[in-house]
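1. I'd like to go over a predicted model; first the sequence, then the structure.
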Amino acid sequence: MASQQRIAQRIAETMIEGFNRHYRLFRECSAAAKARFDAADWAGAQQAVKERIAFYDDRVKETLQRLREEFHTESLDDVIWQQAKLYYIGELLEHQQPELAETFFNSVFCRIMHRTYFHNDFIFVRPAISTEFFESEPPTYRSYYPNASGFRASIRRMFLDFGWQRTFEDLERDVEYVMLTVERHLGDWPQAEANLQIQVLNSAFYRNKGAYVIGKAVNGADEYPFAVPVLHNAVGQLYLDTVILDVWRIGALFSLSRAYFMVDMPAPADYVHFLRTIMPNKPRSELYTMLGLGKQGKTMFFRDLMYHLHHSEDQFIIAPGIRGLVMLVFTLPSYPYVFKVIKDVFGASKEVDHETVKRKYQLVKQVDRVGRMADTLEFSNAAFPRERFAPDLIEELKKQVPSQLEEDGDDLIIKHLYIERRMEPLNLHLDRAQRAGRDDLIEEAAEEYGNAIRELAIANIFPGDMLWKNFGVTRYGRVVFYDYDEIEYMTDCNFRRIPVAPDPEMELLGDVWYSVARNDVFPEEFATFLLTSPKIRQAFMRHHADLLDAGFWQQAQEQIRRGEVIDFFPYPEWLRFCNVFELGCDQR
């Protein structure tokens, strides 16, 4: 018995060492974002985001190898594993990242044991350690007291305390713009309570070329959230680009259609708790994911889903819309997500295989999604109550993805699937707008669709299959791409104009008189399959006629090859101070 306890204790110690190494490297990478921002190392920032994604799986594999070599884990009995979990809980009592460490334990254990062990005796189905009321060091947020030093001085000090090495272009001017914008937003300054505070998260949130300062003013019972992007001007000085005061716009900063933030967090749960006071409707799972903690995001998501299933009665059904050639898509009407499983056999027109599709979906996590590509949660061996699946969906799953299914008692196991936020397919949105005679909605959708393609191109992503059905419309009317099996890097494509036909009769007959290589793209052809509706065509051509010319695409490729990193603002241009106060944005 003593020997078993010692083995269990050493397993727990090995597990926590593996996690601590993971989070140390994760935090070092995230903390280095400040130095990259100071150095204007935009390419390095993008590379760091890509590399950081692999940290978790690398540490899980390392820990797994250690356990197998030192303890021959596959042969250990159940009692040792149960004791190892208890010892592990003891390691977490004073830990700053207990929720992440629990997920790490689950990840390692689930790669060793069969899924029949995936219950709370062996893994953390529910959290064992509370993440409330941490006393992290340094503190999660700094507090400023305008009643003592004045608003302008407090706001000025708030930005200086981040300790950036670059000088500000004109911080006094920008503080004045913040004050004026807040006054316009509120209509009038509220009566200040005696203990009025401005609370600011201790680390800036770094993404692309910006550092976001996030906080809230607390005035008695009232709270006023804000986010301020800090950018570089053309000569490397810093300036405040705007102040975002609407909760829904702050929430848009954390959209899963954008790249993950780099944030230096001693205690991530504290950051998530603070953010939830600003965005109470944003799921914790999405906040963890946007902070770069994707595995924890998945854990929180699946707990939320199981809780929802326990408190609802509707069934999973086949998702509305045109069915895809690569993915079988289903949804739960009462839950705002779609579930996608790679089909065993693809449509005849698809020239990809399963591994290629998986690589494409992984690629999306590694690039700047510029608010135009939906992020996905990827799951293996996900267990669902079989009774919650509609009969026609069960039949379709057995027909289209039999290799991905396994039945275990009352559960249906899906071996591999992706989960995304549900959106209205753009083709259904346009059909609805046309039936209702809503030319304004058609105009907005066509402009947004073109903007999505344009911005993806500048970010080095060519969608490949640009049919309306592969794009969705968010609740804010933004068009987002979500079908990735044919995406390519822009720099891997060859954009060409269609050569003049040597014989007019060949053109009339529709014969192809020119050679076409695998990565050749002819933008002139887009109109043939996209712009069949006169109203949609007119709206598209008003805004995006240049997308049908190879010149646009070739120019975008040149920008990418020169290493230019284009600014993408997760807020409207009209909100920027340079527009509000007529400074001239193009001069920056």
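-> All right, it came through fine. Numbering: from 1, shown residues only.
2. where do the helices sit along the stretch 401-550 of the chain?
-> 426-435, 439-458, 504-509, 526-530, 534-544, 550-561 (DSSP state H, counting those that start in this stretch).
3. which elements pack onto the last one?
-> Judged by 3 or more CB pairs under 8 Å, 6 or more residues apart in numbering; DSSP states H and E, helix 550-561 is in contact with helix 439-458, strand 494-495. In this view, the C-beta of every residue, glycine as well, is placed from N, C-alpha and C.
4. ok, which of the helices of the stretch 401-550 of the chain comes nearest Pro190?
-> Across these, Pro190 has its closest neighbour in helix 439-458 (35.8 Å, CB to CB).
5. mind checking the SS state of Phe569?
-> coil (DSSP: H, G, I helix; E, B strand; the rest coil).
6. just to check, it is in contact with Arg576?
-> Yes. Phe569 is within contact range of Arg576, at 7.1 Å (criterion: CB atoms under 8 Å).
7. residues that sit against both of those two, list them.
-> Residues touching both Phe569 and Arg576 by CB atoms under 8 Å, 6 or more residues apart in numbering: Asp241.
8. which one of the two has more residues nearby?
-> With neighbours defined as other CB atoms under 10 Å, Phe569 and Arg576 compare such that Arg576 has more, 19 against 16.
9. hmm, back to that, want to try TSV for the helices of the stretch 401-550 of the chain, with mean pLDDT and distance to Lys50 as columns?
-> Output for those, formatted as TSV (pLDDT from 0 to 100; distance: least, CB to CB, whole Å):
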stretch	mean pLDDT	distance to Lys50
helix 426-435	94	29
helix 439-458	94	17
helix 504-509	62	45
helix 526-530	88	30
helix 534-544	94	30
helix 550-561	94	16
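10. I'd like to know which of the ones you listed is closest to Glu286.
-> Per CB to CB, nearest to Glu286 of those: helix 439-458, 20.7 Å.
11. if you skip the residues just before and after it, what's nearest to the residue nearest the centre of the chain?
-> In the chain, the centroid-proximal residue (CA atoms, centre = their mean) is Leu256; its distance is 3.0 Å. Counting by CB to CB, 6 or more residues apart in numbering, Leu256 lies nearest to Asp375, which is 3.8 Å off, once chain neighbours are set aside.
12. quick check: phi and psi on Met262?
-> phi -110, psi 120 (degrees, to the nearest 10).
13. which regions of the stretch 51-200 of the chain sit below the pLDDT cut-off?
-> Scanning the stretch 51-200 of the chain with the threshold set as pLDDT under 70 gives 115-117.
14. which parts of the stretch 1-150 of the chain are helices?
-> Going by DSSP H, counting those that start in this stretch, the stretch 1-150 of the chain shows helices at 2-31, 33-38, 42-52, 55-71, 78-91, 98-112, 146-149.
15. of those helices, which stretch is the most buried?
-> helix 98-112 (a mean of 22; mean count of other CB atoms under 10 Å).
16. dump it to CSV, keeping only the CA atoms.
-> The C-alpha coordinates for helix 98-112 follow below in CSV (Å, rounded to 0.1, in the frame of the first residue of the first chain):
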residue,chain,number,x,y,z
PRO,A,98,-5.6,25.5,-10.6
GLU,A,99,-8.4,25.4,-13.3
LEU,A,100,-5.7,25.2,-16.0
ALA,A,101,-3.8,22.5,-14.1
GLU,A,102,-6.9,20.4,-13.8
THR,A,103,-7.5,20.5,-17.5
PHE,A,104,-3.8,19.6,-18.1
PHE,A,105,-4.3,16.5,-15.8
ASN,A,106,-7.3,15.5,-17.9
SER,A,107,-5.4,15.9,-21.1
VAL,A,108,-2.6,13.6,-20.0
PHE,A,109,-4.9,11.0,-18.4
CYS,A,110,-7.2,10.8,-21.3
ARG,A,111,-4.3,10.0,-23.6
ILE,A,112,-3.4,7.0,-21.4
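17. other SSEs contacting that helix?
-> Taking 3+ CB pairs under 8 Å, 6+ apart as the contact cut, helix 98-112 packs with helix 2-31, helix 55-71, helix 78-91, helix 268-278, helix 294-310.
18. cutoff 6 Å now
-> Identification of packing neighbours for helix 98-112 by 3 or more CB pairs under 6 Å, 6 or more residues apart in numbering; DSSP states H and E yields helix 2-31, helix 55-71, helix 294-310.
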